[in-house]
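Q: sequence unknown, structure follows:
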């Protein structure tokens, strides 16, 4: 049985126990957690069915759209207090949904190439850099080996175990455990220019540590002028809803309960007109399938093939 990461559930539970959560919002958060468990149950049911990969993905994305509207409307828009709406970005209730969804579509029924048993799929703290905090006048065990990790919203990674020592028999050694993210993705709800620049820096760090790594930026709504990913370390930016963020003059009314209630029909219509798009998820999956099928260079056959 596959055990999936649960970042979205963790955010919901943290919201429920947050002492700043208005008391009259607690029943709504509790109801949202129940909706979460039903969503997971429905996803499990879909993935147990014997259907072609495209049908499985289409059904999963359809379920995702239904669940997301429930979170946006039942939990956020229907809150009589304004705390949940103002804090939803900080609480990461929304973008954690995609973090939890992506590992579930990385399933052999959808991606047959995922067969390696030691792969980790999902949010993870991944290797970013290493250094040695020591000198001739400041000796440290194993040269003062240090590792810096960076949290990735989504990654296909492998665990890495390191052991270092100044001695060939590894006496006075230091052991470190980390993860190498060969495919990584950052998930954003609204992508603006500042976030894009931060993602470029993260992608650069990742590829400095692992030159063969691939880095993708996934967002729901575009909130900036598009910049070609080919000029950056990002392999591609994917807009999951193929739409721009709703305009700021309309969003301004969302900060109060009365404003949200008045704007609700328009907001629901906007969500329905711009759902998560199956073809964008398929594009992301196609990239992963290609990367998993990439052949290792065989020097012995280069001349026979005539290319490399």
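A: Structure's in. What do you need? Every value quoted in this text rests on a predicted model; they were computed, and no experiment measured them. Residues are numbered from 1 along each chain as shown.

Q: going forward, measure contacts and count neighbours with C-alpha atoms only.
A: Fine.

Q: Would you map the helices across the stretch 51-200 of the chain?
A: 53-70, 83-91, 95-105, 193-209 (DSSP state H, counting those that start in this stretch).

Q: just checking, what packs against the longest one?
A: Just to be clear, that refers to helix 53-70. Judged by 3 or more C-alpha pairs under 8 Å, 6 or more residues apart in numbering; DSSP states H and E, the packing partners of helix 53-70 are helix 26-48, helix 95-105, helix 278-293.

Q: taking the mean pLDDT, what do you get for it?
A: For helix 53-70, mean pLDDT rounds to 96.

Q: got the angle between it and helix 95-105?
A: If you take axes from the mean of the first three to the mean of the last three C-alpha atoms, to 10 degrees, helix 53-70 sits at 160 degrees to helix 95-105.

Q: how far does helix 53-70 sit from the chain's center?
A: Centroid separation for helix 53-70 versus its chain: 17 Å, with C-alpha atoms, centre = their mean, to the nearest Å.

Q: Report the angle between it and helix 26-48.
A: Relative orientation of helix 53-70 versus helix 26-48 (the same axes, to 10 degrees): 180 degrees.

Q: Does residue 79 touch residue 257 like I think?
A: Yes: if you go by C-alpha atoms under 8 Å, residue 79 and residue 257 touch, sitting 6.9 Å apart.

Q: Tell me which of the two has more neighbours.
A: Using other C-alpha atoms under 10 Å as the criterion, residue 79 and residue 257 rank with residue 79 on top: 22 against 18.

Q: So which residues of the stretch 201-308 of the chain form helices?
A: Under DSSP H, counting those that start in this stretch, the stretch 201-308 of the chain gives helices at 248-251, 257-273, 278-293, 302-305.

Q: Can you say which of those is nearest to residue 75?
A: Taking C-alpha to C-alpha, helix 257-273 is the member of the helices of the stretch 201-308 of the chain nearest to residue 75, at 12.0 Å.

Q: mind listing what's buried in the closest one?
A: 257, 260-261, 263-264, 267, 271 (16 or more other C-alpha atoms under 10 Å).

Q: want to throw the helices and strands packed on helix 53-70 into a markdown table with mean pLDDT and mean neighbour count?
A: Compiled in a markdown table, these are given as follows (pLDDT from 0 to 100; neighbours: other C-alpha atoms under 10 Å):
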| stretch | mean pLDDT | mean neighbour count |
| --- | --- | --- |
| helix 26-48 | 96 | 15 |
| helix 95-105 | 95 | 21 |
| helix 278-293 | 93 | 15 |
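
Q: Ok, which of the ones you listed comes nearest residue 160?
A: Closest to residue 160 of the helices and strands packed on helix 53-70, according to C-alpha to C-alpha: helix 278-293, at 18.9 Å.

Q: Against which helices or strands is that closest one packed?
A: Using 3+ C-alpha pairs under 8 Å, 6+ apart: helix 278-293 touches helix 53-70, strand 236-244.

Q: what does the average pLDDT come to for stretch 223-238?
A: 93.

Q: right, I mislabeled it, should have said stretch 244-263
A: 92.

Q: Give me the distance from that stretch to the chain's centre.
A: Stretch 244-263 sits 27 Å away from the centroid of its parent chain (C-alpha atoms, centre = their mean).

Q: same question, stretch 202-214
A: The answer for stretch 202-214 is 17 Å, by C-alpha atoms, centre = their mean.

Q: Sort out which residues of that stretch are buried, please.
A: By 16+ other C-alpha under 10 Å, the buried positions in stretch 202-214 come out as 202-207, 209-210, 213-214.

Q: and which of these is nearest to residue 129?
A: For the buried residues of stretch 202-214, the nearest to residue 129 is residue 209 (6.2 Å; C-alpha to C-alpha).

Q: The closest one contacts residue 147, correct?
A: No: Residue 209 is not in contact with residue 147 according to C-alpha under 8 Å; the separation is 11.3 Å.

Q: what touches both of the two?
A: Common neighbours of residue 209 and residue 147, using C-alpha atoms under 8 Å, 6 or more residues apart in numbering, are 127-129.

Q: before we move on, the earlier item: can you lay out the helices and strands packed on helix 53-70 as CSV showing distance to residue 198?
A: Shown next, in CSV, are the helices and strands packed on helix 53-70 (distance: least, C-alpha to C-alpha, whole Å):
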stretch, distance to residue 198
helix 26-48, 31
helix 95-105, 17
helix 278-293, 21
